[in-house]
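> just the structure for this:
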Amino acid sequence: MIMNTHEPLAPNRSSYGNVKSFLYTTTTIANNNKMKIKQASTMHRLAAPLVIAIAYSGYYPASVVSSFQFQPAQRIALSTNSHSSSSHYTSSPRTTSSRLFQSSPSAASSWMDKEKQLEDELDEKAATAAAAEAAAEEKQPPPPPPPTEPEPEHEETTPHSTGRWEELHGNYILRPPPDQQPRALIHFLGGALLGAAPQLSYRYMLERLSSRGYLIVATPYQLSFDHLTTCDEIVGRFELVAPDLAKEYGAVPVVGVGHSCGSLLHMLITSLFPDTPRAANALISYNNRGVGEAVPFFEELIVPLFSDKDRNGSGLMKAMIEVAREKYNGKVPSDDALLQLLQSIPSPIPGLAETLLSPSLIPIPTPIRESLTKMIAEPTYNALSNAGIPSLLLQSLDITQQIPKLIDEVEMGARDFVPTPDAMSSAARRAYRCRRTLLLQFDDDNLDDSEILEGYLKEAESVMKMKRPMITINLERKVLEGSHLTPLLGPSGGEGWGEALEETLGGVLGSMGGGGDGEEDGGSSSAKVVREKLGYEQVERVVDELVA
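The predicted structure follows:
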């Protein structure tokens, strides 16, 4: 019994399609896998009448449908996807009492023949189209070879490089002296805000480390309330440049060096990013303070001032930075940048600037723009480029553009760092896994939390030894003379400027300071006097501690 009701039903189109699919599948399996002949024949005898039965079941009572019996066997063709001849088989005879199903085998065979014919037509059309396409390609002449550009002169730096620095995959690279294998690779992260341009802010200290035989990779980052996202971006940038340096220098130990917020980020990377192992870490002026403690009057002044998007000045600062960036690139600011700047100026009536300043009123006529570019912008840019000033100005914008970004985060509801200081301390106690760690602290630094971190890392050592008893941990904290800003000191022009100052002023300042009596150590003594008088001798002591 196929149906239990005597009421007529609508044709079941989905079931009909399923049976069609079943019928076609059984024919393919029978031909390709050499199914036993009797099984294939039986499946066809069952499926073919079933197609018609379900299709017409909606128009006849269930009693008619349930009375169906198989008719005497007829031949059923097993179609294949190949062009080989089909085989025909006959089944054992049966009787039927209903005229409704007398033509069901021929209907199934007809449907199969039509399906096969349709497939053959589609295959023929596809073959014809492919042949026509191949013929068209043969008639077309081969494309001309791409124009060969003259090879540029060998240059180690990019347009955004500074001195010996070179930019690679968003990192700033400083190589050791020529023909010298690096003692280690220093992955450096600077402090808050200034870490966006470490090749400028920490130039002297890092160049001194490079001269001592270290390969420097300084990764800039944009300060954010979300430290985990910042760490993820830093690791991603570093992993882009690491393979190239490994191919060039071979296996080199990686040492993480950070200052202030950079030390905090290195601690998080070592604790929460297990795929970034470090041979050692040197954390300078480690700082882990909440926003309210790190930024005076944050809740009382900063939040109320910058929570209003229409009045916080973020859009105006972004527009000014974009105009300055185009100017420092030797261009007259574009019409879009100027329009955005004018529309961002605060107005006593909301939306007034957008209404009055339409794009049609701002464009600078092309002749005037070309004249300004040729007479002012390009000559000024070329003159300043010889001294590297435009590059310095452009890189300084990387520091400035963090301010509107932080304002936007405050406007969106950010009130503290993620993870919070307590969560970061917990990560240091439970997951820090670097075997050698040097904590450098300055005696005149009220922002330093190195002593607190030392206690957390000792707890981490106990946790690690419980898991791996044979492991050895080397943790050391040293206090140097200086302040929180000591690593930033030094000539802005880097080591080259320092050597020039020491050579020029060494004799005068050496005599004033009473140094340079001996011929052998006179040069070093006078240089030390110059560094002490100019206030960056403390940086040399930091370098000595890192190298020791």
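
> name the nearest residue to Arg477, sequence neighbours excluded.
Excluding its sequence neighbours, the residue lying closest to Arg477 (C-beta to C-beta, 6 or more residues apart in numbering) is Leu439, at 4.0 Å. In this view, the C-beta of every residue, glycine as well, is placed from N, C-alpha and C.

> what lines up beside the helix or strand hosting the one you found in the sheet?
Assigned by DSSP states H and E, Leu439 belongs to strand 436-444. Partners of strand 436-444 in the sheet, by DSSP bridges, are strand 280-284 (parallel), strand 474-483 (parallel).

> buried sites along the following helix or strand past the shortest one?
Beyond strand 280-284 on the C-terminal side, the first helix or strand identified by DSSP H and E is helix 291-294. For helix 291-294, the buried set under the neighbour-count rule, 16 or more other C-beta atoms under 10 Å, comprises Val291.

> just stretch 375-391 next, same as before
Of the residues in stretch 375-391, 377, 381, 384, 390-391 count as buried by neighbour count, 16+ other C-beta under 10 Å.

> tell me, how many residues neighbour the residue nearest to Arg477?
Neighbour count for Leu439, taken as other C-beta atoms under 10 Å: 23.

> can I assume it is in contact with Ser285?
No. Taking C-beta atoms under 8 Å as the definition, Leu439 is not a contact partner of Ser285, at 9.4 Å.

> between the two, what contacts are shared?
Residues touching both Leu439 and Ser285 by C-beta atoms under 8 Å, 6 or more residues apart in numbering: Ser450.

> find the nearest non-adjacent residue to Ala427, please.
Ser271 (4.4 Å).

> buried residues, whichever strand or helix holds that neighbour. List them.
Element membership for Ser271, per DSSP H and E: helix 261-272. Buried residues in helix 261-272, counted by 16+ other C-beta under 10 Å: 261-272.

> ranges for the helices of the stretch 351-500 of the chain?
352-356, 366-372, 378-385, 389-400, 402-411, 421-431, 450-467, 495-513 (DSSP state H, counting those that start in this stretch).

> where among these is the average confidence lowest?
Lowest mean pLDDT of the helices of the stretch 351-500 of the chain: helix 352-356, a mean of 58.

> any idea which of the strands paired with strand 436-444 is most buried?
Neighbour counts (mean count of other C-beta atoms under 10 Å) averaged over each of the strands paired with strand 436-444 peak at strand 280-284, with a mean of 24.

> and that strand with helix 450-467, angle?
Here strand 280-284 runs at an angle of 160 degrees relative to helix 450-467 (axes from the mean of the first three to the mean of the last three C-alpha atoms, to 10 degrees).

> going forward, count from 666.
Taking 666 as the first residue, the last one we looked at is strand 945-949.

> least confident secondary structure element in the protein?
Every helix and strand of the chain was ranked by mean pLDDT, DSSP states H and E. The lowest is strand 741-742, at a mean of 36.

> identify the residues contacting Tyr869.
So Tyr869 contacts 1154-1157, 1159-1160, 1163, 1201, 1204 (C-beta under 8 Å, 6+ apart).

> residues contacting the nearest residue to it once chain neighbours are set aside?
Counting by C-beta to C-beta, 6+ apart, Tyr869 lies nearest to Gly1155, which is 2.6 Å off, once chain neighbours are set aside. By C-beta under 8 Å, 6+ apart, the residues touching Gly1155 are 868-870, 873, 1163, 1201, 1204.

> for Tyr837, helix, strand, or coil?
Following DSSP: H, G, I helix; E, B strand; the rest coil, the label given to Tyr837 is strand.

> isn't it up against Ser866?
No. With contact defined as C-beta under 8 Å, Tyr837 does not count as touching Ser866 (11.1 Å).

> that older thread, could you export the strands paired with strand 1101-1109 as JSON lines, including distance to Thr894?
Compiled in JSON lines, the strands paired with strand 1101-1109 are given as follows (distance: least, C-beta to C-beta, whole Å):
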{"stretch": "strand 945-949", "distance to Thr894": "21"}
{"stretch": "strand 1139-1148", "distance to Thr894": "29"}
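
> what's the closest of those strands to Arg1133?
Arg1133 lies closest to strand 1139-1148 among the strands paired with strand 1101-1109, at 14.9 Å (C-beta to C-beta).

> specify the beta-bridge partners of the residue nearest to Arg1142.
Leu948, Arg1142.

> separation between it and Asp973?
Leu1104 is 42 Å from Asp973, where distance means C-beta to C-beta, to the nearest Å.

> low-confidence ranges, the stretch 716-865 of the chain, go.
716-781, 783-784, 801-827 (pLDDT under 70).

> and with 50 instead?
Counting by pLDDT under 50, the ranges of the stretch 716-865 of the chain that qualify are 716-774, 776, 812-824.

> same question for the stretch 916-1065 of the chain.
Checking the stretch 916-1065 of the chain against pLDDT under 50 turns up nothing.

> how about 90 then?
Low-confidence segments of the stretch 916-1065 of the chain (pLDDT under 90): 916, 939-942, 955-1065.

> which residues touch the closest residue to Leu1118 other than its chain neighbours?
Spatial nearest neighbour of Leu1118, chain neighbours left out: Tyr951 (5.0 Å); criterion: C-beta to C-beta, 6+ apart. Applying C-beta under 8 Å, 6+ apart to Tyr951 gives the contacts 925, 928-929, 932, 1104, 1106, 1113-1115, 1118.

> cool, Leu888 as well?
Taking C-beta under 8 Å, 6+ apart as the contact definition, Leu888 lies against 857-858, 860-861, 895, 926, 1067, 1070-1071.

> the residue lying closest to Asn1111 once chain neighbours are set aside and Thr1102: what is the separation?
Excluding the flanking residues, the one nearest Asn1111 by C-beta to C-beta, 6+ apart is His1149, at 7.6 Å. Going from His1149 to Thr1102 by C-beta to C-beta gives 20 Å.

> between those two, which one's more packed in?
Taking His1149 and Thr1102 together and counting by other C-beta under 10 Å, Thr1102 has the greater number of neighbours (25 against 19).

> surely that one and Leu948 touch.
Yes. Thr1102 is in contact with Leu948 according to C-beta under 8 Å; the separation is 6.9 Å.

> and Ala989, how many neighbours?
By other C-beta under 10 Å, 18 other residues sit near Ala989.

> also Leu1154?
Using other C-beta under 10 Å, Leu1154 has 20 other residues around it.

> that older thread, can you list the contacts of Tyr951 in JSON lines and add distance to Gln1008?
As requested, the contacts of Tyr951 are exported to JSON lines (distance: C-beta to C-beta, whole Å):
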{"residue": "Ser925", "distance to Gln1008": "37"}
{"residue": "Ser928", "distance to Gln1008": "41"}
{"residue": "Leu929", "distance to Gln1008": "38"}
{"residue": "Met932", "distance to Gln1008": "43"}
{"residue": "Leu1104", "distance to Gln1008": "50"}
{"residue": "Gln1106", "distance to Gln1008": "49"}
{"residue": "Asp1113", "distance to Gln1008": "44"}
{"residue": "Asp1114", "distance to Gln1008": "44"}
{"residue": "Ser1115", "distance to Gln1008": "48"}
{"residue": "Leu1118", "distance to Gln1008": "47"}
